[in-house]
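> Return a 3D structure for these sequence lines:
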Amino acid sequence: MEQYQLIGAECSLYSGKARAYLRYKNIPYKEILSSADVYESVIVPRIGDRIIPVLISPDDIAVQDTTEIIDFLEERFPTVSVYPETPRQRLTAILFEVYGDEWLLIPAMYYRWWFREENYDFIVGEFGRTMLPDAEPVAQRAGGEMIAGFFGGLLPMLGATEKNHRQIERWYEAFLDCFNKHLESHPFLLGTRPSIGDFGLMGPLYAHLYRDPYPGRLMRSRAPLVAKWVERMNAPA
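Reported below is the predicted structural model:
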């Protein structure tokens, strides 16, 4: 079977969602690092914007946006759909996908950029090696800092300020506590296999909140079953 191509990065929130889905459905794929060269030669010409992940099918169809990617692949690989059959479970799963995609984005960005002392060198290194994989370390560092300056500056737009950042922490910690409690009885959101809701949560919970140093330590200490869920999502049986 011919391979799909997933253009993304380990440090990219939405890449983690698409990657976990491809692994779960056992769809043959190759991940292409979203370097500066790939942006200029593939992503911008095919998509019209500087955004990842991008899926390219064996028949050369380019798809962007993780919900679109998953729906596109569900039509081609319908066996064991990630959309539950019953109306209530289907609605619940879709709501959790939206919650992960749109709302957990806020703590994901907050924990990455607010705790600069612990996270900055790690994420700058990740950005630099992703964008300029063949460059010298000094050039990678400069490239990583440029990207970090852009993303780190988005926090006020997301509502993360000195006035309310503690509320973001309390919200996220409450979510961790609830999800960890749920996972004492169920391996996934809705039972014994992941749904579209699990993949929605996987984006922020993996790339930012599991991998970055400060939130990763918080997750492992406060909600170890959530950390185990992340690992299970990345390596399905």
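
> for this protein, which helix is longest?
In the chain, assigned by DSSP state H, the helix with the most residues is helix 165-182.

> other SSEs contacting it?
Secondary-structure packing of helix 165-182 (3 or more C-beta pairs under 8 Å, 6 or more residues apart in numbering; DSSP states H and E): helix 105-114, helix 213-222, helix 224-234. The way it works is simple: take the backbone N, C-alpha and C, and place the C-beta from them, glycine included.

> And the ones you listed: which comes nearest residue 181?
Ranking the helices and strands packed on helix 165-182 by their distance to residue 181 (criterion: C-beta to C-beta) puts helix 224-234 first, at 8.4 Å.

> Okay, angle between the closest one and helix 213-222 too, please.
Orientation check (axes from the mean of the first three to the mean of the last three C-alpha atoms, to 10 degrees): helix 224-234 against helix 213-222 gives 110 degrees.

> Helix 224-234 vs helix 165-182, what angle?
Using the same axes, to 10 degrees: helix 224-234 against helix 165-182 is 70 degrees.

> Buried residues in helix 224-234, which are they?
For helix 224-234, a neighbour-count test (16 or more other C-beta atoms under 10 Å) marks 225-227, 229-230, 232-233 as buried.

> Return the longest helix of the chain as CSV; C-alpha atoms alone will do.
Output of helix 165-182 as CSV, limited to C-alpha atoms (Å, rounded to 0.1, in the frame of the first residue of the first chain):
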residue,chain,number,x,y,z
HIS,A,165,-3.0,33.4,34.8
ARG,A,166,-3.8,31.7,38.1
GLN,A,167,-7.3,31.0,36.9
ILE,A,168,-5.8,29.2,33.8
GLU,A,169,-3.7,27.1,36.1
ARG,A,170,-6.7,26.2,38.3
TRP,A,171,-8.8,25.4,35.3
TYR,A,172,-6.2,23.1,33.8
GLU,A,173,-5.4,21.4,37.1
ALA,A,174,-9.1,20.7,37.6
PHE,A,175,-9.2,19.2,34.1
LEU,A,176,-6.2,17.0,34.9
ASP,A,177,-7.8,15.8,38.1
CYS,A,178,-11.1,14.9,36.4
PHE,A,179,-9.5,13.2,33.5
ASN,A,180,-7.2,11.3,35.7
LYS,A,181,-10.1,10.1,37.8
HIS,A,182,-12.0,9.0,34.7
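
> Strands along this structure, start to end?
4-8, 29-33, 54-56, 62-64 (DSSP state E).

> Adding mean pLDDT, write those out as JSON lines.
Listed next are the strands of the chain as JSON lines, based on pLDDT from 0 to 100:
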{"stretch": "strand 4-8", "mean pLDDT": "97"}
{"stretch": "strand 29-33", "mean pLDDT": "97"}
{"stretch": "strand 54-56", "mean pLDDT": "98"}
{"stretch": "strand 62-64", "mean pLDDT": "96"}
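
> Among those, which comes closest to residue 78?
strand 4-8 (15.9 Å).

> Strand partners (parallel or antiparallel) of that closest one?
Each strand paired with strand 4-8, and its direction, by DSSP bridges: strand 29-33 (parallel), strand 54-56 (antiparallel).

> Please identify the most buried of the ones you listed.
By mean neighbour count, with neighbours taken as mean count of other C-beta atoms under 10 Å, strand 54-56 ranks first of the strands paired with strand 4-8 at a mean of 23.

> what residues does that strand touch?
4-8, 18, 42-43, 46-47, 62-64, 69, 72-73 (C-beta atoms under 8 Å, 6 or more residues apart in numbering).

> looking at those, which has the most residues close by?
residue 18 (29 neighbours; other C-beta atoms under 10 Å).
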